[in-house]
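> structure here, sequence nowhere to be found:
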């Protein structure tokens, strides 16, 4: 990783153009179409696709670095692109383990397709382990999906939606079905994304009105509940690592803005820069200590996924813990940055005020704080006594 050149994939000039648009995207509550177009042209949608299939051939560890860099410029753009990268990452995780069921995702991403992540459902705290969406099989192997998905990032622009649903028709027992559907008239996208922050993700509600996944786009049928299936591991591992990366990038940007504020503001009381004030120095040191702890954690877990390391039952607490720590630290760092910058940061026109709102979204992504703590507690204490 030490010789990885992130600027080869996200050049400084591209990042600055993306950064320059972020405030308007947030204020206008719209999707960053220009960002997507430039990132697509730069080949960013296929960074995790093998070179033999037209991609950059990067691993999850390199993608994590790039997503930190992108999030420092525009958190909402990074989070939206994250959801596309999750599916290309899952395809990589599975192919690395000898399962080539998602090759069409890899070739599609290289050709410019945009894959959205249609898993979240209102009130469904089972997440990957259950679904309120019905999946009804047809004799030709296709499936018809009916239900409602929430927080579908890339809402206005995706071309393929990866989703799951529950097939209750199998006499052997219900099955979770993972498949991909195109954007057709059987899919409704509500224009309902009006949130505190991360407004550019346009993570709108998606209504499935009997949309059909062709047989060759039905990629996995697994038992409901926690199962050691490659698609479950792939989704969970890539999702958590890339989420942690986005919020680590937000943390770094907040730290940089705090340092800039401290070194440019002058105290009327002392006539000295705020960077000389012991309280300000302590706050920035606290921010830097928290940020420094994130980098090796993200890098280590991402490398382990790439290297096929077998952590067994400890994978889920490691991954949920990584995401939780990144979000908690990022929120702490942004809070401290606001105090260092002073009252001006409270104005909505400032970048810090946007980061302050954007970072709040981290608490709502799986694994949420309750789920992360329950997972880690079970790993260390075992299951709750009957």
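The structure has been received and is ready for your questions. Quick caveat, the model's predicted, so the values are computed rather than measured.

> which pLDDT value goes with residue 272?
In this model, residue 272 is scored at 90, pLDDT.

> oops, could you answer that again for residue 199 instead?
For residue 199, pLDDT reads 98.

> and it, how many neighbours does it have?
With neighbours defined by other C-beta atoms under 10 Å, the count for residue 199 comes to 23. Where you see a C-beta, it was placed from the backbone N, CA and C, and this is true even at glycine.

> tell me the contacts of it?
25-26, 29-30, 76, 193 (C-beta atoms under 8 Å, 6 or more residues apart in numbering).

> ok, residue 148 to residue 112 distance?
Residue 148 sits 28 Å away from residue 112, going by C-beta to C-beta, to the nearest Å.

> who has more neighbours, these two?
Neighbour count, other C-beta under 10 Å: between residue 148 and residue 112, residue 148 has more, with 18 against 12.

> now do the contacts for the more buried one.
With C-beta under 8 Å, 6+ apart, residue 148 has these contacts: 121-122, 132-133, 205-208.

> per the record, what domains does the protein have?
6-114, 116-222, 230-381 (automatic domain parsing).

> most tightly surrounded among those?
Ranked by mean neighbour count, those are led by domain 6-114 with a mean of 20 (mean count of other C-beta atoms under 10 Å).

> low-scoring stretches of this protein, by residue?
1-2 (pLDDT under 70).

> hang on, residue 147 in a strand?
Yes. Applying DSSP: H, G, I helix; E, B strand; the rest coil, one finds residue 147 inside a strand.

> ok, it to residue 206 distance?
Applying C-beta to C-beta to residue 147 and residue 206 gives a distance of 9 Å.

> so the closest residue to residue 144 other than its chain neighbours, which of the three states?
Excluding the flanking residues, the one nearest residue 144 by C-beta to C-beta, 6 or more residues apart in numbering is residue 136, at 4.7 Å. For residue 136, the assignment made with three-state DSSP gives strand.

> repeat that for the one 3 residues further on.
At residue 139 the chain is in coil, as set by three-state DSSP.

> and if you look at the one 5 residues further on?
Of the three states, residue 144 takes strand according to three-state DSSP.

> does it have beta-bridge partners, and which?
residue 136, residue 212 (DSSP bridges).

> packing partners of the longest helix belonging to the chain?
Ranked by residue count and defined by DSSP state H, the top helix of the chain is helix 230-264. With contacts taken as 3 or more C-beta pairs under 8 Å, 6 or more residues apart in numbering; DSSP states H and E, helix 230-264 sits against helix 60-73, helix 75-96, strand 218-222, helix 278-306, helix 315-341, helix 351-358.
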